[in-house]
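**Student:** sequence first, then the predicted structure, then my questions.
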Amino acid sequence: MNRTLIALASSVVLLVGLLFVLAGDSSRGSNTVGKSTSGTANSLVLFCAASNRAVMESIRVDYEQEFGTTIQIQYGPSQTLLSSIEVSGTGDLYLPADESFIEIGIEKSLIAEVLPLATMRAVVAVPRGNPKAIKTFDDLLRSDVRLVQASPDMAAISKVVKESLQASGKWDELAKATVAFRTNVNDVANDLVIGAADAGLVYDAVLSNYKDLEAVELDELSTVISNVSLGIVASSKQPQAALHFARYVAARDRGLLHYEKNGFVVKKGDVWKETPELTIFAGSMLRPAIDATIKAFEEREGIRVSRVYNGCGILVAQMKTGQHPDAYFACDKEFMKQVPDLFPESVDVSQNELVILVQKGNPKKISSLKDLGREGLRVGIGHEKQCAMGWLTQNTFREGGVQKEVMANVSVQTPSGDMLVNQMQTGSLDAAVAYLSNAAGAGDFLDAIQIQGLECSIAIQPLAIAADSPNAQTATRLFQRLCSPESQANFEAEGFRWQIDRKSEDGSIVGDSAIGDSAIGENEQ
């Protein structure tokens, strides 16, 4: 087929497909439940790739029976569905066949949260028994083989195959050998069933519902793998309800059971709970920077997050005696290193520096750590065994060569910087060594003196998700919220410095790759 005609045909099919989805595809009995696509308190609208149709229908039935919420599903090619969301501004959830469409949706601010589900591999589908004896890539190019595939402009399967084969220089000859480009992967499989084609490119999981077809695996397609993820549409008017359904689909003991049954390789999803409860341990100094973000996360997700704020030395002791939170936000990397079995991987989120807090106007004329050793001063510091601040303070004293002199003046050691600020406010102390963030909001009665020339006075705050958390996906979304630009503004307003970029070196979102993959990787159930 002439390549110009192929491109023209693909463009026409894309336009027709988009109009078809916008019209609602109401002619297919199980394709759409109800007539409204606006989403109500009792219904949700899901735009779903055709490759996921069989599995999503079985999940829909279970969910509707259990909760009474109608799931209206529009099936079609991944690109067409995404265009529909962009044009119409409707819908609650988006399930493409490949995560690259999710990434496009995020870049266009169409998708908010993302829940990973499973993976699929590209294979060649043939009638059972493989009558054309197709075994190699070159067999697909034979004149006696009628090859069909989905349009690479609309469907994920051909998009990812095209990207892979273009790198090896084999796409053009495959496209030339293709006798027809269909709307979606199911149409390709149907052509094979009715004898209109001899071979077609499909996902392996699709074939679990076509008993008259079988898969041929080719070396050229061995690396063509699509990650399947479910996205929450950013413009959804009912995000809490959408997230409830999404968590159900992504739960290891609910939706993922259907995915596995249908031939997908599933991710390690959360254990299903209608109202999940996360527990996060966090250093006390982080409370003003993260608490508002966590509250907003609770409201949007419709879940509970139990926060335990304390000195990191105390938190580590609690974890070592058996209390295992879903996430841990430490005041300094040293206190993350003390629980490597629980939190093998972490991401550095922010920085905070030690400063010398003095009374407003600095009546004692304190300008350095050495001055804290002057006779008669009342000095407060963090407790070395109870909090990262205390541990860091002792390191700073030692590095600065003033430990013995300053410790002679220390009258108070507390598990948190807030307690030192309170004692400064009451006049019980002349000076205190605390974090810069502790001074935020206390400018009316305190001044902060920077500690010069000692890098050890800077604390770095890492965040990690527990390796064995039953709520790893939900905890990962909380992590992503804590890494958002809105959260960054909260941190900086409280005196922290931002440590991370939202984008990692490979272009992925920090948290999705750095923590997310390790916490919610593939699960060979």
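**Tutor:** Right, received. Where do you want to start? These numbers were taken from a predicted model, which means no experiment stands behind them.
**Student:** please verify my assumption that residue 120 contacts residue 205.
**Tutor:** Yes - assessed by CB atoms under 8 Å, residue 120 is found in contact with residue 205 at 4.7 Å. To be clear about C-beta, it is placed using only N, CA and C from the backbone, and glycine gets the same treatment.
**Student:** what's the overlap in contacts for the two?
**Tutor:** Common contact partners of residue 120 and residue 205 (CB atoms under 8 Å, 6 or more residues apart in numbering): 51, 264.
**Student:** report the distance from the helix or strand where residue 118 lies to the chain centre.
**Tutor:** Here residue 118 sits within strand 111-127, counting by DSSP states H and E. The chain centre lies 17 Å from the centre of strand 111-127; the measure is CA atoms, centre = their mean, to the nearest Å.
**Student:** next structured bit after that strand?
**Tutor:** Once the chain leaves strand 111-127, the next helix or strand it forms, by DSSP H and E, is strand 147-150.
**Student:** what does whichever helix or strand comes after that following strand rub up against?
**Tutor:** For strand 147-150, the following helix or strand on the C-terminal side (DSSP H and E) is helix 156-168. Helix 156-168 has contacts (CB under 8 Å, 6+ apart) with 49, 51, 77-79, 96-98, 100-101, 122, 149-153, 171, 174-175, 181, 185, 188, 201-203, 220-221, 223-224, 226.
**Student:** neighbouring strands - and their directions - for the strand holding residue 118?
**Tutor:** With DSSP bridges as the test, strand 111-127 is paired with strand 199-203 (antiparallel), strand 213-216 (antiparallel), strand 225-233 (antiparallel), strand 265-266 (antiparallel).
**Student:** please work out which of those strands is packed deepest.
**Tutor:** Sort the strands paired with strand 111-127 by mean neighbour count, taking mean count of other CB atoms under 10 Å, and strand 199-203 sits at the top with a mean of 28.
**Student:** which helices and strands does whatever helix or strand residue 473 lives in pack with?
**Tutor:** Per DSSP H and E: residue 473 is located in helix 472-482. Judged by 3 or more CB pairs under 8 Å, 6 or more residues apart in numbering; DSSP states H and E, helix 472-482 is in contact with strand 111-127, strand 277-283, helix 287-301, strand 327-329, strand 458-465, helix 517-519.
**Student:** could you measure residue 105 against residue 271, distance?
**Tutor:** Computed as CB to CB, to the nearest Å, the residue 105 to residue 271 distance reads 28 Å.
**Student:** out of the helices and strands packed on helix 472-482, nearest to residue 379?
**Tutor:** Between residue 379 and the helices and strands packed on helix 472-482, the shortest gap by CB to CB is with strand 458-465, which sits at 19.3 Å.
**Student:** buried ones in the helix holding residue 473?
**Tutor:** 472, 473, 474, 475, 476, 477, 478, 479, 480, 481, 482 (16 or more other CB atoms under 10 Å).
**Student:** what's near enough to touch the third one?
**Tutor:** To tie it back to what came earlier, the one meant is residue 474. Applying CB under 8 Å, 6+ apart, we find residue 474 in contact with 247, 270, 276, 278, 301, 303, 326.
**Student:** is the fourth one in contact with residue 305, as I believe?
**Tutor:** The one in question is residue 278. Yes - using CB under 8 Å, residue 278 is in contact with residue 305, at 4.6 Å.
**Student:** which one of the two is surrounded by more residues?
**Tutor:** With neighbours defined as other CB atoms under 10 Å, residue 278 and residue 305 compare such that residue 278 has more, 23 against 20.
**Student:** related to what we said a few turns ago, more neighbours, residue 105 and residue 271?
**Tutor:** For the pair residue 105 and residue 271, the greater number of neighbours falls to residue 105 (23 against 13), based on other CB under 10 Å.
**Student:** tell me which element that one falls in.
**Tutor:** Using DSSP H and E, the element containing residue 105 is helix 99-107.
**Student:** tilt between that helix and helix 156-168?
**Tutor:** Counting by axes from the mean of the first three to the mean of the last three CA atoms, to 10 degrees, helix 99-107 lies at 100 degrees to helix 156-168.
**Student:** now helix 99-107 - C-alpha only, PDB.
**Tutor:** Extracted C-alpha coordinates of helix 99-107, given in PDB (Å, rounded to 0.1, in the frame of the first residue of the first chain):
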ATOM      1  CA  GLU A  99       1.800   4.800  29.700                       C
ATOM      2  CA  SER A 100       3.300   7.100  27.100                       C
ATOM      3  CA  PHE A 101      -0.300   8.400  26.600                       C
ATOM      4  CA  ILE A 102      -0.500   9.000  30.300                       C
ATOM      5  CA  GLU A 103       2.700  11.000  30.100                       C
ATOM      6  CA  ILE A 104       1.300  13.100  27.300                       C
ATOM      7  CA  GLY A 105      -1.800  13.700  29.400                       C
ATOM      8  CA  ILE A 106       0.300  14.900  32.300                       C
ATOM      9  CA  GLU A 107       2.300  17.200  30.100                       C
END
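**Student:** buried set for it?
**Tutor:** For helix 99-107, by 16+ other CB under 10 Å, it's 99, 100, 101, 102, 103, 104, 105, 106.
**Student:** what's it packed up against?
**Tutor:** helix 78-88, strand 93-95, strand 111-127, helix 156-168, strand 225-233.
**Student:** roughly how far out does it sit from the chain middle?
**Tutor:** That offset, for helix 99-107, works out to 13 Å (CA atoms, centre = their mean).
**Student:** end to end on stretch 126-133, go ahead and measure it.
**Tutor:** 9 Å (CA to CA, to the nearest Å).
**Student:** apart from its neighbours in sequence, what residue is nearest residue 384?
**Tutor:** Setting aside the residues directly before and after it, residue 384 is nearest to residue 390 in space (CB to CB, 6 or more residues apart in numbering), at 4.2 Å.
**Student:** quick check: phi and psi at that neighbour.
**Tutor:** Note on residue 390: backbone dihedrals following degrees, to the nearest 10 are phi -70, psi -40.
**Student:** and the contacts of residue 474 as CSV, adding distance to residue 345 and pLDDT?
**Tutor:** Output for the contacts of residue 474, formatted as CSV (distance: CB to CB, whole Å; pLDDT from 0 to 100):
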residue, distance to residue 345, pLDDT
247, 23, 97
270, 18, 97
276, 22, 96
278, 18, 97
301, 23, 96
303, 23, 97
326, 14, 98
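**Student:** low-confidence ranges in the stretch 1-150 of the chain?
**Tutor:** Confidence mapping of the stretch 1-150 of the chain against pLDDT under 70 gives the ranges 1-41.
**Student:** at which residues are the strands of the stretch 251-400 of the chain located?
**Tutor:** 265-266, 277-283, 304-310, 327-329, 347-359, 379-382 (DSSP state E, counting those that start in this stretch).
**Student:** out of those, nearest to residue 340?
**Tutor:** Proximity to residue 340, assessed across the strands of the stretch 251-400 of the chain by CB to CB, is greatest for strand 327-329 (11.5 Å).
**Student:** just the residues contacting the helix or strand in which residue 422 is found, thanks.
**Tutor:** According to DSSP H and E, residue 422 maps onto helix 417-425. Contacts with helix 417-425, where a contact means CB under 8 Å, 6+ apart, come from 284-285, 357, 359, 380-382, 389, 412, 414, 429, 432-435, 437-439, 442, 445-446.
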